[in-house]
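Student: fold the following for me, if possible:
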Amino acid sequence: MKISRIIYKEYTKTSLRAMQLAEKEITIQAPWGKLRGLTWGMEGDPPVFLCHGRMDACSGFRPLLQLLPRCFYYVSVDLPGNGRSDQLPRGVQLNIMDFVPTVKVVKEHFKWDKFIYVGHSLGAMMGNFFNIAYPGHITRLVELDPLPDHACYSQDVEGVRRWYHVHYHSYYEQYSKLNGGGEPPKYTYEKALEMLMKARSLHKEAAEHVIERVLSSAGDGLFRFTHDQRQKTFTHMPFTGDAYRAIYTASTTPTLYVLAQGSIDDGWYDQTPFVKDPVCWPNGNFSLKIVEGGHDVHISHPERMADAVSQFLLKDVKAKM
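Tutor: Sure, this is the predicted structure:
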């Protein structure tokens, strides 16, 4: 959809204004089950797909979306085994590549040819792999604290051994528990909320956006978390930091990295310094914003990144005028 220059100018001026976008629940049929999610805005507007991270929910994007321009159609789904979406078939260990088809399913459901992609953590990594597998569909890529460093392994005997034990050995040692053996723990709503706030360093209001989709009733006023427990030993590709650099920086897709200062301070990008250095990106397609806060700062303090993300998204609209 073409946006007039007058409208573009207006959205540029108001990109940080709190906006109440119309929110709608959606269900999409995938080969393995149902994907459930949310949309914001009008379907005829340029699409933006938002993909959350591991053991999370699409509603976590709501605080940020209320500060973004209204000239886009925002779509986000709970990844398989997260929130209200069905799990992938039980049994085998989950790999990051098992989640990439989710993006293709959503794209085909809405019949998008081109779309903007916003990903957080695991969702950011999924966007990169989708962009490699299906080039030419993502027009802009926003990566919110993508954490490729957490998936780095040396490509030698010791690296392969460590990779196997971290992901596969630990999975099969807990096979029954991770595949639904035994009764999952039950919590009061207040206790579940407290646990989520502590685990992810979220204030109460931010945590409430996420928890609304990650609990199911267990009776007697108690609740269970809906996460697929296999994600606790989720498998990444056995790449080194240099391998990630070669793969990521080969892209020509305009890319904005928003990194949390807390993650940087904790050394999460020590093995992948290219994500902080525009010189490492030979195609001139890289932008960087560093914000104060932790890994989930897009939920707890979205105002710290909303202006940068808004301006980056609007460049795509301006380019189509």
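Student: the chain: helices as residue ranges?
Tutor: 5-13, 62-65, 101-110, 122-133, 157-164, 170-173, 175-178, 189-200, 204-214, 241-248, 261-265, 297-300, 306-319 (DSSP state H).
Student: any low-confidence regions in this structure?
Tutor: 1-19, 149-150, 318-321 (pLDDT under 70).
Student: deepest-packed of the helices of the chain, please.
Tutor: Stretch with highest mean neighbour count among the helices of the chain: helix 297-300 (a mean of 26; mean count of other Cβ atoms under 10 Å). Every residue, glycine included, has its C-beta placed from N, CA and C.
Student: returning to what we had before: any chance of the helices of the chain in a markdown table, with distance to residue 143 too?
Tutor: Converted to a markdown table, the helices of the chain look like this (distance: least, Cβ to Cβ, whole Å):
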| stretch | distance to residue 143 |
| --- | --- |
| helix 5-13 | 22 |
| helix 62-65 | 14 |
| helix 101-110 | 14 |
| helix 122-133 | 4 |
| helix 157-164 | 23 |
| helix 170-173 | 27 |
| helix 175-178 | 28 |
| helix 189-200 | 19 |
| helix 204-214 | 20 |
| helix 241-248 | 9 |
| helix 261-265 | 12 |
| helix 297-300 | 11 |
| helix 306-319 | 11 |
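Student: how about these, which one is nearest residue 147?
Tutor: helix 261-265 (6.9 Å; Cβ to Cβ).
Student: out of the helices of the chain, which is closest to residue 31?
Tutor: Of the helices of the chain, nearest to residue 31 by Cβ to Cβ is helix 101-110, at 7.7 Å.
Student: now that closest one, how far from the chain's geometric center?
Tutor: 15 Å (Cα atoms, centre = their mean, to the nearest Å).
Student: just want the angle from that helix to helix 122-133.
Tutor: Our comparison of helix 101-110 with helix 122-133, counting by axes from the mean of the first three to the mean of the last three Cα atoms, to 10 degrees, yields an angle of 70 degrees.
Student: circling back: out of the helices of the chain, nearest to residue 43?
Tutor: helix 101-110 (7.8 Å).
Student: which helices and strands sit right next to the closest one?
Tutor: strand 23-30, strand 33-40, strand 47-51, strand 73-77, helix 122-133 (3 or more Cβ pairs under 8 Å, 6 or more residues apart in numbering; DSSP states H and E).
Student: rewinding a little: closest to residue 286 out of the helices of the chain?
Tutor: helix 241-248 (9.4 Å).
Student: what helices and strands are in contact with that closest one?
Tutor: helix 122-133.
Student: could you name the helices and strands sitting against the helix it packs on?
Tutor: Packed next to helix 122-133, using 3+ Cβ pairs under 8 Å, 6+ apart, are strand 47-51, helix 101-110, strand 115-120, strand 138-144, helix 241-248.
Student: turn these into a markdown table, columns for distance to residue 181.
Tutor: Conversion of those to a markdown table gives the following (distance: least, Cβ to Cβ, whole Å):
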| stretch | distance to residue 181 |
| --- | --- |
| strand 47-51 | 30 |
| helix 101-110 | 26 |
| strand 115-120 | 30 |
| strand 138-144 | 34 |
| helix 241-248 | 35 |
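Student: nearest to residue 171, out of those?
Tutor: Of all the helices and strands packed on helix 122-133, helix 101-110 comes closest under Cβ to Cβ, at 20.7 Å.
Student: leaving out sequence neighbours, find the closest residue to residue 287.
Tutor: residue 256 (4.6 Å; Cβ to Cβ, 6 or more residues apart in numbering).
Student: and residue 299, what is it in contact with?
Tutor: By Cβ atoms under 8 Å, 6 or more residues apart in numbering, the residues touching residue 299 are 60-61, 63-64, 200, 202, 206, 209-210.
Student: then residue 272?
Tutor: Contacts of residue 272 by Cβ under 8 Å, 6+ apart are 148-149, 152, 241, 244-245.
Student: I'd like the distance between it and residue 124.
Tutor: From residue 272 over to residue 124 the distance is 12 Å, taken as Cβ to Cβ, to the nearest Å.
Student: got it, and residue 172?
Tutor: 28 Å.
Student: next one: residue 303
Tutor: Taking Cβ to Cβ, one finds residue 303 at 20 Å from residue 124.
Student: beta-bridge partners for the residue nearest to residue 287, please?
Tutor: Bridge pairing for residue 256 (DSSP bridges) gives the partners residue 142, residue 287.
Student: looking at it, it is touching residue 311, isn't it?
Tutor: No: between residue 256 and residue 311 there is no contact under Cβ atoms under 8 Å: 9.2 Å.
Student: now do the shared contacts for these two.
Tutor: In contact with both residue 256 and residue 311: no residue, using Cβ under 8 Å, 6+ apart.
Student: the nearest residue to residue 177 once chain neighbours are set aside: neighbour count?
Tutor: Excluding the flanking residues, the one nearest residue 177 by Cβ to Cβ, 6+ apart is residue 229, at 6.9 Å. Residue 229 has 17 neighbours, counted by other Cβ atoms under 10 Å.
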